[in-house]
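Chemist: Here is my input; please provide its structure:
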Amino acid sequence: MAEKAQPSRGMDDVDAVTLAVLTASRLLVAVSARSLAAVEDRVTLPQFRLLVVLSTQGPAKLVVLAERLGVNPSTAMRMVDRLIAAGLADRQTNPDNRREIVLQLTREGSRLVEDVTAKRRQEIASIVERLAPEQRSALISALTAFTEAGGEPAVPAAEDGGLYPLGWTDMAAPQGS
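Modeler: Numbers count the residues shown, from 1 in each chain. Alright, predicted model coming up:
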């Protein structure tokens, strides 16, 4: 029987909080991996990241995508070529500057991002439903404070049709560090 990790010191202990966050992050990584499992024969995690960036931030030039992903333009180009071949993205002439090419999602690419996101949302909701109402409230407060401290932007509410960006669009250090 697995033993629950219990902080050995006070509630403000950085080590105890770090351990709790690491444990929770392991669960969230597992949820994310399971949500991607259904599409792993079509896209890799880095390719999915690119799809999410296009989904959340709209069409973009290759150099902009590479910057947002924190990769070299040649790496981004290889990912884009594979996504185009898979029918998940395409190249279009920029309507504002006909000399530029922008990359965007196809309907199938948008659907893939939406499906993976919905699967992730469903599994997280299933876990949250097992918590008592007061635990849910405490979790909201704690996670909101944690993400704000890390400089992560808030995710739009489900009723607003918001997707769940993967958090890799800004590779810079958190604000205030």
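Chemist: what's in contact with stretch 95-108?
Modeler: Here stretch 95-108 makes contact (C-beta atoms under 8 Å, 6 or more residues apart in numbering) with 51, 54-55, 58-62, 65, 80, 87-94, 113. The C-beta positions use only the backbone N, C-alpha and C, and glycine is treated the same way.
Chemist: And stretch 30-49, by the same measure?
Modeler: 51, 69, 71, 79, 82-83, 86, 88, 112-113, 115-117, 119-120, 123-124, 127, 166, 168.
Chemist: Which members of those are classed as buried?
Modeler: 51, 69, 71, 79, 82-83, 88, 112-113, 116-117, 119-120, 123-124 (16 or more other C-beta atoms under 10 Å).
Chemist: List the contacts of residue 119.
Modeler: Residues near residue 119 by C-beta under 8 Å, 6+ apart: 34-35, 38.
Chemist: in which helix or strand would I find it?
Modeler: If you go by DSSP states H and E, residue 119 is part of helix 107-129.
Chemist: can you give me how far that helix is from the chain middle?
Modeler: Its chain's C-alpha centre and that of helix 107-129 lie 11 Å apart, by C-alpha atoms, centre = their mean, to the nearest Å.
Chemist: by contact count, what packs against the next helix or strand after that helix?
Modeler: Next in sequence after helix 107-129, counting helices and strands by DSSP H and E, comes helix 133-149. Contacts defined by 3 or more C-beta pairs under 8 Å, 6 or more residues apart in numbering; DSSP states H and E place helix 133-149 against no helix or strand at all.
Chemist: what's the angle from helix 133-149 to helix 107-129?
Modeler: Going by axes from the mean of the first three to the mean of the last three C-alpha atoms, to 10 degrees, helix 133-149 is angled at 130 degrees with respect to helix 107-129.
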